[in-house]
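>>> Need the 3D shape of this:
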Amino acid sequence: MRTARGGPGRLVTPLMRLRDPAYTKVLIVTLPETTPVSEAGRLQEDLRRAGIEPFAWVLNRSLEAAGPVDPVLRQRAAAEAAHVTRVRRELASRVVLIPWSPEAPVGADRLRALVA
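This next block holds a predicted model:
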């Protein structure tokens with residue numbers, strides 16, 4: 001705590017850093033499915049009660065974003081649409097949809113490809 005000073009005589013706590021949007025960006029990462037979106041919504045409520053505003057939501061492994069051609073996968077992708085819409089309309093002003101991929105985006109090259 002002695003080294004956590006924010007200026008002359010001012011102590012900066014970890015909670016203060018989390019509440020500072022210029023210092024910390026909180027991302028909520030979840031799957032576009034009923035239970036994960038509901039649980040992430042409750043997490044967002046808890047964060048807001050603590051004075052922490054999430055910066056954005058990331059909907060991970062989205063079949064809808066991957067654009068499948070298989071009929072079964074297209075049905076599952078269509079089922080995701082309601083959850084994506086709920087997040088965009090009710091829960092977050094910034095939403096990133098990450099398509100499902102058979103390979104995890106591990107490493108700098110794959111992460112660059114993901115955001116390209």
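
>>> ok, which stretches of this structure are strands?
In the chain, strands defined by DSSP state E lie at 5-7, 10-11, 27-30, 56-62, 95-99, listed in chain order.

>>> I'd like the average pLDDT over the last one.
Yep, that's strand 95-99 we're talking about. The average pLDDT for strand 95-99 rounds to 94.

>>> Partner strands of that strand and their direction?
Strand 95-99 has its sheet partners listed here by DSSP bridges as strand 56-62 (parallel).

>>> just for the protein, where's the confidence low?
1-9 (pLDDT under 70).

>>> can you tell me which residues contact the closest residue to residue 86 other than its chain neighbours?
Once flanking residues are discounted, residue 86 sits nearest to residue 37: 6.5 Å by CB to CB, 6 or more residues apart in numbering. (Each C-beta comes from the backbone N, C-alpha and C, glycine too.) For residue 37, the contact set (CB atoms under 8 Å, 6 or more residues apart in numbering) comprises 30, 31, 83, 86, 87, 91.

>>> how many neighbours does the fifth one have?
Residue 87 has 21 neighbours, counted by other CB atoms under 10 Å.

>>> how about it, what does it touch?
Here residue 87 is in contact with 32, 37, 57, 59, 95 (criterion: CB under 8 Å, 6+ apart).
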